[in-house]
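Undergrad: Just need the structure, nothing else, for what follows:
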Amino acid sequence: MSSSTNYSGTFTKERFCGGDGFIVEGILQKHNIHTVFLQAKQPLQDTVLPTRYVAITIEFDNAVKRNWKDGVEIPPKMTRATAITKGYLNKFDRVQATLVDKINADQLSVAISDGNKNSSLPSNFHDDAIKNLHPNKKNYFEFWADVDKFSHKIFKSGDEVRIKTIGDSIFVDSVVKMDSNNIANFSGDSNLGDSFASNIMKRYDQIESNNQQQQEEEDDDEWK
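TA: Reported below is the predicted structural model:
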């Protein structure tokens, strides 16, 4: 199955891929080949985007902004898990660490649609798909992966996938299937073995749990 678009505007990375980008997780619904036929000359000084894509449709689960430092991607920003003392025995109520830059489906749609209020796709990219995508079909998004880079990827409907976008756009920087054997972390696509939200929570919670245990042991020693 394939589809195509005749596009008469500027189709460059500089035009559509500003911003830090997003990490998006969801359930793969379908994928097909989509071709963009450019009808206008493109700026010579800019980077023209590819014109053949694997169009990946997912049902949105969650998303977070990508985080960078000095041009290197680092894990998303987190609040620290905290322990609040209660009573004279210094018992603790715990406040779990949370992702600072987590976004919902509506926020993602606005960010990647280039101002198109009727769809999560920019105008004239693939208008036939609009009725089947957020916000018209809640939580359904289409992302475009360069055929030359991603056609070898083997996915099927129902797979849980994680997509990193190039800037705040629908264009795919990386995509991985999330299973026990092949799971990507935020910054380096190395094996971790869990979804990104729960994975990073576990790491922060473990650190805070160790700190809390040490504090409780010190408090107990004071009562001996």
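Undergrad: State the mean pLDDT of the longest strand anywhere in the chain.
TA: In terms of residue count, the longest strand belonging to the chain (DSSP state E) is strand 22-38. On average, the pLDDT along strand 22-38 is 96.
Undergrad: Going toward the C-terminus from it, what's the next helix or strand?
TA: strand 52-65 (DSSP states H and E).
Undergrad: Just checking: what are the partner strands of that next one?
TA: Using DSSP bridges, the strands paired with strand 52-65 are strand 22-38 (antiparallel), strand 102-103 (antiparallel), strand 140-146 (antiparallel).
Undergrad: Using PDB, write out the CA atom coordinates for that strand.
TA: The C-alpha trace of strand 52-65 is given here as PDB (Å, rounded to 0.1, in the frame of the first residue of the first chain):
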ATOM      1  CA  ARG A  52      10.200   8.800   0.100                       C
ATOM      2  CA  TYR A  53       9.000   7.700   3.600                       C
ATOM      3  CA  VAL A  54       7.700   4.900   5.600                       C
ATOM      4  CA  ALA A  55       4.600   6.500   7.000                       C
ATOM      5  CA  ILE A  56       4.200   5.100  10.500                       C
ATOM      6  CA  THR A  57       0.800   5.400  12.200                       C
ATOM      7  CA  ILE A  58       0.700   4.900  16.000                       C
ATOM      8  CA  GLU A  59      -1.800   5.100  18.800                       C
ATOM      9  CA  PHE A  60      -0.200   7.500  21.200                       C
ATOM     10  CA  ASP A  61       0.700   6.400  24.700                       C
ATOM     11  CA  ASN A  62       3.100   9.000  26.100                       C
ATOM     12  CA  ALA A  63       5.700  11.600  25.000                       C
ATOM     13  CA  VAL A  64       8.500  13.700  26.500                       C
ATOM     14  CA  LYS A  65      10.700  16.400  25.100                       C
END
